[in-house]
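> coords below, sequence missing:
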């Protein structure tokens, strides 16, 4: 095919010949390569200017949902990217559009005519900031959210993806202008064609569309990007189930080159590297935890391309720290890790959890993070250690709190405001807390401290009594069954704006494949037996409020915000009405009783969840 790239090559041949003659036919030595050269693929690895680069990365998906063409804040991106670079981050993944409601001009029929002027102006600023602050960008063009029935333009995007003519309109009028506009900036290193298309295929609220439609989009977009630019192409698969032939529940690779070329037969139709996502719910399925095995072991066969993890919790994989995840991923042949997120858009972690890992990897492998030098001065961060524990301080008022709200057992975690007293005969290998006003165990002060089991005070009549006081929604306590501490934030930063959607990646436990349980589903309320108000009341809560973990609680509230939501609970009732694992606008809740709603929560798992926002 005689394309734009061919013309460009022919045009520069005379210049290359003259340059080589002037240099005595001596190419630039690899040792002179500088960080900032375009990232390419060679021998199953990423290269920058002739030297290997490892993606010591992150996800910064949005600052304000639908930033570009919407509420874009250049100062925030500039400051945050400088912080990332100063802490060893060399790349991040950013959602160019989050739900498709802002920035892209798309008709009701699904025809894309281009983008708004503000969308391009914001992106011009953004990519200049990325270049100035030396942060490579994986640009995620769209997400499963575009097709989700909670967003106002979802039918337009479903119409787009189900028509080859409409796909071509998106490619011709948006994808090609996008790469032509920014291809000269080497910090646009890759394009992720869609975030987690798995849910578009699997979930009713996202369309349950056949793979054929998505594959047409990927094939046509990949061809256009490769014909018009040197930018690499990937697809951010939500799990390896549809990205491999692993023996435990995988169903083949829907983005394989051969599959895509069956849609569009062209040598420019291919994916440059794989970047599937990992979350702990996947542990029993598919390939397990990826960082501690090779890509070939994880996927069930040699993938034949560079492989990296495009999303993973910023708090680390099951029973491992994020620092361990990074180092073991490198040792096992992965080409990078990009945790979710650098700016704390949800409960999966933020800047304080990320940077101990990126700094540790930079310290060990500076030449892989910033090839050719230009290493930043490391910013000191507070990294939790496993001991020794601080000298305990006895609090006044005795050792046993009362009244006891619940009996708990590790693994257990609790987030949010409130005052609680729990008893336990099993706190596991350690307890940890942050952002609390007070935490005592049998009267000993362990507020915002990691404590190993060897440092627990003696039990009283066979129990530890845990007194928890938090004045903020991001207060946290955990008692873990095994492993070491999670990265512990000193203060809560980048707290999500209430109106910003959160991504839970939380499956229903009984199924091998998760459903997106944070999707609003309007169910008919069912009164439960036994009256309206639960008792005894453990605490008075107010939105924003979040509870995670196993346990049985009764709360009262006169302010539940705009909505309540829950998942993986055994039961949730409000004034006796059953809303278990359901999104409910506050306007649909039953009438208050004596000025309050009474919320009865029963969760059997550490990943049980309730929120009022």
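On my side now, so go ahead. A quick note: this is a predicted structure, and the numbers were derived from the prediction, not measured. Numbers count the residues shown, from 1 in each chain.
> which residues touch residue 67?
Residues in contact with residue 67 (C-beta atoms under 8 Å, 6 or more residues apart in numbering) are 73, 98, 122, 126. In short, each C-beta sits where N, CA and C put it, glycine included.
> most surrounded residue in these?
Of all the contacts of residue 67, residue 98 has the most neighbours under the rule other C-beta atoms under 10 Å, reaching 25 neighbours.
> so what's the residue nearest the centre of the chain bridging to?
If you average the C-alpha coordinates of the chain and look for the closest C-alpha using C-alpha atoms, centre = their mean, you land on residue 340, 3.0 Å from that point. Legend: beta-bridge partners of residue 340 under DSSP bridges are residue 59, residue 313.
> residue 219: which element?
Secondary structure assignment for residue 219, by DSSP states H and E: helix 211-228.
> what lies in contact with that helix?
Contacts to helix 211-228, defined as C-beta under 8 Å, 6+ apart, come from residues 1, 3-5, 141, 161-162, 164, 167-168, 170-172, 175-176, 179-180, 183, 191, 193-194, 197, 200-201, 231, 233, 235, 242, 254-255, 259-261, 263-264, 266, 268-271.
> out of those residues, which are buried?
Judged by neighbour count, with 16 or more other C-beta atoms under 10 Å as the criterion, the buried members of the contacts of helix 211-228 are 141, 161-162, 167-168, 170-171, 175-176, 179, 191, 193-194, 197, 200-201, 231, 233, 235, 242, 254-255, 259-261, 263-264, 266, 268-271.
> where does pLDDT dip in the protein?
Residue ranges of the chain with pLDDT under 70: 1-35, 373-398, 472-474, 481-531, 606-607.
> what ranges does the stretch 251-400 of the chain have for its helices?
Secondary structure of the stretch 251-400 of the chain (DSSP state H, counting those that start in this stretch): helices located at 257-261, 295-299, 322-331, 351-364, 366-369.
> dump those helices into TSV; add distance to residue 148 as well.
Listed next are the helices of the stretch 251-400 of the chain as TSV, based on distance: least, C-beta to C-beta, whole Å:
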stretch	distance to residue 148
helix 257-261	24
helix 295-299	28
helix 322-331	29
helix 351-364	27
helix 366-369	36
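> out of those helices, nearest to residue 400?
Minimum separation from residue 400 across these (C-beta to C-beta) falls at helix 351-364, 33.5 Å.
> quick one: buried residues of that closest one?
Residues of helix 351-364 classed as buried under the neighbour-count rule (16+ other C-beta under 10 Å) are 351, 352, 353, 354, 355, 356, 357, 358, 359, 360, 361, 362.
> any idea how far the third one lies from residue 324?
This points to residue 353. Shown here: residue 353 relative to residue 324, a distance of 13 Å by C-beta to C-beta, to the nearest Å.
> now do the shared contacts for those two.
In the contact map built from C-beta under 8 Å, 6+ apart, the residues linked to both residue 353 and residue 324 are residue 316.
> OK, contacts around the residue lying closest to residue 257 once chain neighbours are set aside?
With C-beta to C-beta, 6 or more residues apart in numbering as the measure, residue 270 is the residue that lies nearest to residue 257, at 4.5 Å, once sequence neighbours are left out. Shown in contact with residue 270 (C-beta under 8 Å, 6+ apart): 222, 226, 233, 257, 260, 261.
> hmm, try it at 7 Å
When the contact criterion is C-beta atoms under 7 Å, 6 or more residues apart in numbering, the partners of residue 270 are 222, 257, 260.
> was I right about the last one contacting residue 267?
Spelled out, it's residue 260. No - when contacts are counted by C-beta atoms under 7 Å, residue 260 is not listed as touching residue 267 (11.5 Å).
> count the neighbours of the closest residue to residue 542 other than its chain neighbours for me.
If the residues on either side of it in the chain are set aside, residue 542 comes closest to residue 559, at 4.5 Å by C-beta to C-beta, 6+ apart. Residue 559 sits with 14 neighbouring residues when counted by other C-beta under 10 Å.
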